[in-house]
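>>> curious how this folds, go ahead:
(2 chains)
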Amino acid sequence: MKAHLTRRYMFSASHRLHSEAMSSAENRDIYGKCNNPYGHGHNYVLEVTVSGSVDEHTGMVCDLMDLDGFVEREVLSRYDRENLNMLPEFASHVPTTENLCVEIFQILQQGFHFAHLERVRIGETMMNSFEYSGGAEIRK
Amino acid sequence: MVYLTRKAEFSASHFYHNPDFTPEENRRIFGKCNNPNGHGHNYTLEVTVKGEIDPRSGFVVDLKQLKEVMTREVLDAMDHRFLNKEVPEFARKIPTTENIAIAIWQRLASKLERAQLHRVRVYETPDLFVDFYGET
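Numbers count the residues shown, from 1 in each chain, chains lettered A, B, ... in the order given. Predicted coordinates for the structure are as follows:
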């Protein structure tokens, strides 16, 4: 029997949406308040969905301690209480929550092997959230 | 195709233990959840059904019937119960959230009249939920 398991985590970080490829006026026009040069912060809500067969002996898709340990070590400790713009992955990518979803998905896909990664969803505020399930749907 | 989700809540206790494991293995794998006296959760159940809209009623499913089936098959059996001891599915299976979602699917799937069961989602806490789509 295949089941999907979703675990929710929280972290707080700041960012500024600004692209070097655009003029100051374009940046202000496209990113609005998010282009404020001093940045601003969010309490992000991260949901990680993994899937797999329910283990006959444990009744589990994967051991939550493995998932929590990985996310704590590789994701939360990297992003919590940080300014996202200062991190190397956002040196040339704007730290939109779309791009943050892709980064976190890739960290999990490369390092977490106890269950199949289905989806990463990030709520930036109560009013908006973003999902990434892999694939190459990024516009150049 | 339209999808409709109905939510319900139930409170139950459980513990995780596999008699095939040694006491040490049980403690290591299941941690605090291995306490034989059990512990409890307020579970939130979301049942999603799918179907075409009936042109006469405008409904995908008779909500009254869905509510009755959920109450009879799930809440009456699991609400304010010790899952390991009082729900037959968990006499042998460990009542993890994964197995609870599967058991609820199996209890509901054949009892729905018009609509087809699409997903059973069980929240153990606001930070952890399991989805089961009937996949083998």
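
>>> B:Arg27: helix or strand, and which one exactly?
B:Arg27 belongs to helix B:23-30 when assigned by DSSP states H and E.

>>> give me the buried positions along that helix.
For helix B:23-30, burial by neighbour count (16 or more other Cβ atoms under 10 Å in any protein chain shown) applies to B:Asn26, B:Ile29, B:Phe30. Placement of C-beta: from N, CA and C, glycine included.

>>> what is the nearest of those residues to chain A?
B:Ile29 (6.0 Å; Cβ to the nearest Cβ).

>>> check the buried residues of helix B:23-30 one by one and keep those near chain A.
Among the buried residues of helix B:23-30, proximity to chain A is found for B:Ile29, B:Phe30 (Cβ under 8 Å from any Cβ of the partner chain).

>>> quick revisit: what's the following helix or strand after the helix holding B:Arg27?
Helix B:23-30 is succeeded, C-terminally, by strand B:39-51 (DSSP H and E).

>>> what are the contacting residues of that next one?
B:1-15, B:32-33, B:60-61, B:66, B:70, B:74, B:78, B:100, B:104, B:108, B:112, B:114-125, B:129 (Cβ atoms under 8 Å, 6 or more residues apart in numbering or on different chains).

>>> what about dumping the CA coordinates of the helix holding B:Arg27 to PDB?
Provided in PDB are the C-alpha atoms of helix B:23-30 (Å, rounded to 0.1, in the frame of the first residue of the first chain):
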ATOM      1  CA  PRO B  23      11.900  -4.300  23.400                       C
ATOM      2  CA  GLU B  24      15.100  -2.500  22.500                       C
ATOM      3  CA  GLU B  25      14.200  -2.400  18.800                       C
ATOM      4  CA  ASN B  26      10.700  -1.200  19.700                       C
ATOM      5  CA  ARG B  27      12.100   1.600  21.800                       C
ATOM      6  CA  ARG B  28      14.700   2.600  19.200                       C
ATOM      7  CA  ILE B  29      12.300   2.600  16.200                       C
ATOM      8  CA  PHE B  30       9.200   4.000  17.900                       C
END
